[in-house]
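**Q** Sequence first, predicted coordinates after that:
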Amino acid sequence: MSSPVYTSTPAAQNNHYLDTLKYWSVISAYGLAAAEGIRLTQEHIDILNWLRDQFDEIGDIDIIPAMQQLAVMYGPYGGEVFLHTLFPGNVVEQSMRIAGLPVPGPEAEKLSLVN
């Protein structure tokens, strides 16, 4: 009898966003972050959980106000600059991808938190 095959890789959409939101867990976040070259800290996890909570409450995320709110929440740590240290490639895309949330709309491509 063969052993079952287990995988820690969740089903993914294009660009590595999760295909089904229910497949996300903190464990999958670690794998998704590692693929981005990011080593998760508690601050990352807090942001990912906040994004997921926003999505659960509203059913979508208006990404510009959400990122502005995160910058204010993390103002004591450096705000926008701090967010860029956590997600150095692209704050919006990386945080949403690692949170297992749907691809942000076209406004995310134009969003720059740091001028």
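**A** Sure, I can see it.
**Q** how about the spatially most central residue of the chain, secondary structure?
**A** With distances taken as Cα atoms, centre = their mean, residue 95 lies nearest the centre of the chain, 2.4 Å away. Put simply, residue 95 is helix when judged by DSSP: H, G, I helix; E, B strand; the rest coil.
**Q** how far away is it from residue 70?
**A** Look at residue 95 and residue 70: by Cβ to Cβ, to the nearest Å, they are 8 Å apart. All C-beta atoms are positioned from the backbone trio N, CA, C, and that covers glycine.
**Q** circling back to that earlier point, give me the pLDDT for the closest residue to the residue nearest to the centre of the chain other than its chain neighbours.
**A** Distances taken as Cβ to Cβ, 6 or more residues apart in numbering place residue 87 nearest to residue 95, at 5.2 Å, with adjacent residues excluded. For residue 87, the pLDDT comes out at 95.
**Q** Surely residue 64 is within a helix?
**A** Yes: note on residue 64: a helix contains this position according to three-state DSSP.
**Q** ok, how many other residues are close to it?
**A** Using other Cβ atoms under 10 Å, residue 64 has 16 other residues around it.
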